[in-house]
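In: fold the following and give me the result.
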Amino acid sequence: MTSLPLGADGVVARSAVPLSGYTTLRLGGPAARFVAARTAEDVAAAVRAADCRGEPVLVLGGGSNLVIADEGFDGTVVRVANHGSKIDSLGDGRVALTVEAGEDWDAVVCRTVEAGLGGLECLSGIPGSVGATPVQNVGAYGVEVAQLLISVDLLDRAAGEVRTLGADELGLGYRTSVLKGTERAVVLRVRFELADGGESAPVRYTELARVLGVRQGRQVPVEAARQAVLELRRGKGMVLDEADHDTWSVGSFFTNPIVLKRDLCGVLSRIAARLGADVPVPQYPAGVGASKLSAAWLIERAGFAKGYAGPGGRVMLSGKHTLALTNRGEATTDDLVSLAREVRDGVRAAFGVDLHPEPVLVGCEL
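Out: The predicted structure is shown next:
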């Protein structure tokens, strides 16, 4: 690894930086050029400079939603490392929380809970940075970023300008937005609307309500909700732990599939033929004319149990949750992608349902 001259972006760049040290999978080859940008202005300047040079750009936050090829990235990686936050009163018991994109997400959630602010507590324990949350429309335990988001400041790369977009302009949907899978913009900071009163958002998720001992729709102290969510996530290997290879993952690798009503009968018939007509199939409303199925349920019923091993045992499905594909310590990205393909193809063959990856794939594909 060597240092390169100070670029036009005013940030010192390094070469041949292994990206495995910046992803929760601990996978990924070297970056041709790597810069750490510690202010929103530096982030924007670094991206603009790379665009002017005609270089490919990879914007890197917490690395919790990235699968990077073993060959690495032949371009400029801009590490978003800007920090800071502020709270402004909106009146009537509501506040606006503004957070820089490089802040650690769970640390922000923890601080809101300590301040008695309600809204984000069900999103506790999710790894990654704040800037990724609106891109992915991060959600868990009955809460999505879309329910709380006010606006984002972002760099419009085509115009080279910083703009503010309201939540209604981002096309937020199930684990997606207009920003996901594109290179059109870079999130610099995010604003959320939270409640000032020490109470959680209404508990909507059945499993969480059970752990808390309340009926769905009730509110609880924010700290109680956070601790219950962390307990549930730890039980599924979804809280990062350096010593636990079950957490060396990107969390849920596949999104829960959305099946149109016109196709649902065929899917249910295939499930019945394989598992029996009396087996209940978990399904949830997913908008007009569609249902959402459980990817984890389908994976297990297609023959992939917790702990299912991929190539050489170097990658496995988590021993706690079948949606997590894990690096056991000596894996390659090719190993991980091979296991993901096997699972995807197995579910398709068994039930005629296509699973789609949740993380961003860089230099590789299923």
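In: spit out the contact partners of the residue most central in space within the chain.
Out: In the chain, the C-alpha nearest the mean C-alpha coordinate belongs to residue 65, at 5.0 Å (C-alpha atoms, centre = their mean). Going by C-beta atoms under 8 Å, 6 or more residues apart in numbering, residue 65 touches 128, 132, 136, 250, 251, 358, 359, 360. Just so you know, the C-beta spots here come from the backbone N, C-alpha and C atoms, and that holds for glycine as well.
In: just send the residues you listed back as TSV, with secondary structure too.
Out: Shown next, in TSV, are the contacts of residue 65 (DSSP: H, G, I helix; E, B strand; the rest coil):
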residue	secondary structure
128	coil
132	helix
136	helix
250	coil
251	coil
358	coil
359	coil
360	strand
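In: now render these as CSV, adding distance to residue 84, neighbour count and pLDDT.
Out: Putting those into CSV (distance: C-beta to C-beta, whole Å; neighbours: other C-beta atoms under 10 Å; pLDDT from 0 to 100) gives the following:
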residue, distance to residue 84, neighbour count, pLDDT
128, 18, 22, 96
132, 17, 28, 96
136, 22, 22, 94
250, 27, 25, 97
251, 26, 27, 94
358, 28, 19, 94
359, 27, 22, 94
360, 25, 16, 93
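In: how close does the closest residue to residue 342 other than its chain neighbours get to residue 347?
Out: Closest residue to residue 342 apart from its sequence neighbours, by C-beta to C-beta, 6 or more residues apart in numbering: residue 310 at 6.9 Å. From residue 310 over to residue 347 the distance is 15 Å, taken as C-beta to C-beta, to the nearest Å.
In: can you check residue 80 too?
Out: Taking C-beta to C-beta, one finds residue 80 at 34 Å from residue 347.
In: among the two, which residue is more densely surrounded?
Out: Shown here are residue 80 and residue 347; by other C-beta atoms under 10 Å, residue 80 has more neighbours (27 against 23).
In: what sits against the more buried one?
Out: 37, 43, 59, 60, 61, 101, 102, 129, 131, 186.
In: which residues does the closest residue to residue 248 other than its chain neighbours bridge with?
Out: Spatial nearest neighbour of residue 248, chain neighbours left out: residue 327 (4.3 Å); criterion: C-beta to C-beta, 6+ apart. Beta bridges link residue 327 to residue 315 when assigned by DSSP bridges.
In: residues in contact with residue 192?
Out: Residues in contact with residue 192 (C-beta under 8 Å, 6+ apart) are 96, 97, 99, 119, 120, 145, 148, 149, 150.
In: secondary structure element holding it?
Out: Assessed by DSSP states H and E, residue 192 sits inside strand 185-196.
In: show me how far that strand is from its chain's centre.
Out: 16 Å (C-alpha atoms, centre = their mean, to the nearest Å).
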